[in-house]
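Colleague: pasting the sequence and the predicted coordinates here, then a few questions.
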Amino acid sequence: MGKKPLRPPQLDREKNPQYLDDYHSYIECLHDNGMDVRPTKPFGTGWTYGPGGSSQSEDQKMKIDQKCKISAFGDG
């Protein structure tokens, strides 16, 4: 049976005491980069597209998502 890699501790609510603040920054970053997203409830558990959606390609959306995760949850 294969093992999955561990998630970075910054993305773990139990290990990151600033998780909800970081998550709020992540959602703002997605908005700032043209993605109309809405956090799901309970807050910090995920997001869905709002009525405006996203006009970016799937590749662009993945790059924006990665950039925003690094910006919001990074150690720096």
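Modeller: Okay, I see it. Numbers count the residues shown, from 1 in each chain.
Colleague: packing partners of whichever helix in the chain runs longest?
Modeller: Ranked by residue count under DSSP state H, the longest helix found in the chain is helix 58-73. Packing contacts for helix 58-73, counted by 3 or more Cβ pairs under 8 Å, 6 or more residues apart in numbering; DSSP states H and E, involve helix 19-32. Yep, even glycine has a C-beta here, placed from its N, CA and C like the rest.
Colleague: and the helix or strand just after the helix it packs on, what's its mean pLDDT?
Modeller: Using DSSP states H and E, the helix or strand that follows helix 19-32 in sequence is strand 37-39. Taken as a whole, strand 37-39 carries a mean pLDDT of 95.
Colleague: so which bits of the longest helix of the chain are buried?
Modeller: Going by neighbour count (16 or more other Cβ atoms under 10 Å), the buried part of helix 58-73 is 61, 64, 65, 68, 69, 71, 72, 73.
Colleague: again, but for stretch 35-55
Modeller: 35, 37, 39, 44, 47, 54.
Colleague: residues in contact with it?
Modeller: 13, 19, 20, 23, 27, 30, 31, 34, 56, 61, 64 (Cβ atoms under 8 Å, 6 or more residues apart in numbering).
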